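S.K.: Based on what follows, work out the 3D shape:
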Amino acid sequence: MLDSLALLLEKTFLLAHLNFFTATLSKKEECAKHRDENARYRRGDLLEVPRTLFTHFGIYLGDNKVAHLMPDILLVLTRNNTRIQKAVTNKRLLLGVIYKYASIRVDTVEDFAFGSDILLNTMDNTLRHPLASEEVARRAEKLIGQIPYSLMWNNCEHFVTYCRYGTAVSLQTEKFCECLKSVIRDQRSVLFTTVIGLLSMFYLGIAPCTALPTFIIPFTLWMAG
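M.R.: Predicted coordinates:
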């Protein structure tokens, strides 16, 4: 079930992911010099890795350790630190997002990267004026532990931008909201949702669970557009 849900989310957001959730080709080329495996990161560096649906961020603490915010359902189900400290799987992460529970944890650079290339301090080009490296690392260390999670308002990007720049922001969230606004403004979405609703009524029958969304969703999009 979880694998199917993850696949559905991946297909749904694939276009948006390609457009703005992952680093663009030019961004990768610009930062290629930072991804030398033999290079050592400095304490306080902001690391980022592309994931399936988003870009994941962390703060390098030194000694091959990275502090990063991760949703995790195991935080609710067990107090066994040995199990919790293992690398977070996609199922654990997805259920943690749904349950809105996470922790700022410390993992090795390898576990943080999860097989992806690591980009270094690329957000300095956009947000600029990072804090002193030691201050960045100390901020991250103070926040280690369990916290509530919000995909829109308290995610891994909010954590690293607070630590490195002093203000919690998420460029991914802002771009997603802009994309959502453009979809709402596009009146073709009204026709699309109407057709989907009518098809659901045809195949599932006329009932409140099919009829109400068929009228309410297109009407809401029409008024918001």
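S.K.: From here on, just use CA atoms for contacts and neighbour counts.
M.R.: Fine.
S.K.: my read is Arg105 is in a strand, agree?
M.R.: Yes - with DSSP: H, G, I helix; E, B strand; the rest coil as the criterion, Arg105 is part of a strand.
S.K.: Starting from Thr108, give me the distance back to Leu94.
M.R.: Plainly put, Leu94 is 21 Å away from Thr108 if you go by CA to CA, to the nearest Å.
S.K.: swap in Leu46?
M.R.: As judged by CA to CA, Leu46 and Thr108 stand 14 Å apart.
S.K.: Could you check which of Leu94 and Thr108 is surrounded by more residues?
M.R.: Set side by side, Leu94 and Thr108 show more neighbours around Leu94, with 19 against 16, by other CA atoms under 10 Å.
S.K.: And the pLDDT for that one?
M.R.: As predicted, Leu94 sits at a pLDDT of 89.
S.K.: Is it in contact with Pro71, as I believe?
M.R.: Yes - between Leu94 and Pro71 there is a contact at 7.5 Å, judged by CA atoms under 8 Å.
S.K.: my read is Ala67 is in a helix, agree?
M.R.: No - Ala67: not assigned to a helix; according to three-state DSSP it is strand.
S.K.: In contact with the closest residue to it other than its chain neighbours, which residues?
M.R.: Among residues not flanking Ala67 along the chain, Val106 sits closest, at 4.4 Å (CA to CA, 6 or more residues apart in numbering). By CA atoms under 8 Å, 6 or more residues apart in numbering, the contact list for Val106 reads 65-68, 144.
S.K.: What about the nearest residue in space to Tyr99 that is not next to it in sequence, how many residues nearby?
M.R.: Counting by CA to CA, 6+ apart, Ile73 is the residue found nearest to Tyr99 once chain neighbours are left out, at 7.1 Å. Residues near Ile73, counting by other CA under 10 Å, number 22.
S.K.: Could you pull up phi and psi at the residue nearest in space to the middle of the chain?
M.R.: Residue closest to the average C-alpha location in the chain (CA atoms, centre = their mean): Phe54, at 4.6 Å. With angles defined as degrees, to the nearest 10, Phe54 sits at phi -160, psi 180.
S.K.: doesn't Thr161 make contact with His129?
M.R.: No - the pair His129 / Thr161 is not scored as a contact, 11.3 Å apart, by CA under 8 Å.
S.K.: Which one of these two is surrounded by more residues?
M.R.: A count of neighbours by other CA under 10 Å puts Thr161 above the other of His129 and Thr161, at 24 against 11.
S.K.: Ile216 versus Leu47, what's the distance?
M.R.: 43 Å.
S.K.: Over to Trp153?
M.R.: Going from Trp153 to Ile216 by CA to CA gives 27 Å.
S.K.: Kindly report the same for Leu61.
M.R.: Distance from Leu61 to Ile216, by CA to CA: 50 Å.
S.K.: Which one of these two is surrounded by more residues?
M.R.: Using other CA under 10 Å, the more surrounded residue of Leu61 and Ile216 is Leu61, with 26 against 14.
S.K.: Name the SS class of the more buried one, please.
M.R.: Quick answer, by three-state DSSP: Leu61 is strand.
S.K.: Only the buried residues of whatever helix or strand Ala137 lives in, if you could.
M.R.: Element membership for Ala137, per DSSP states H and E: helix 133-142. If you call a residue buried by 16 or more other CA atoms under 10 Å, then helix 133-142 has these buried ones: 133, 135-137, 139-141.
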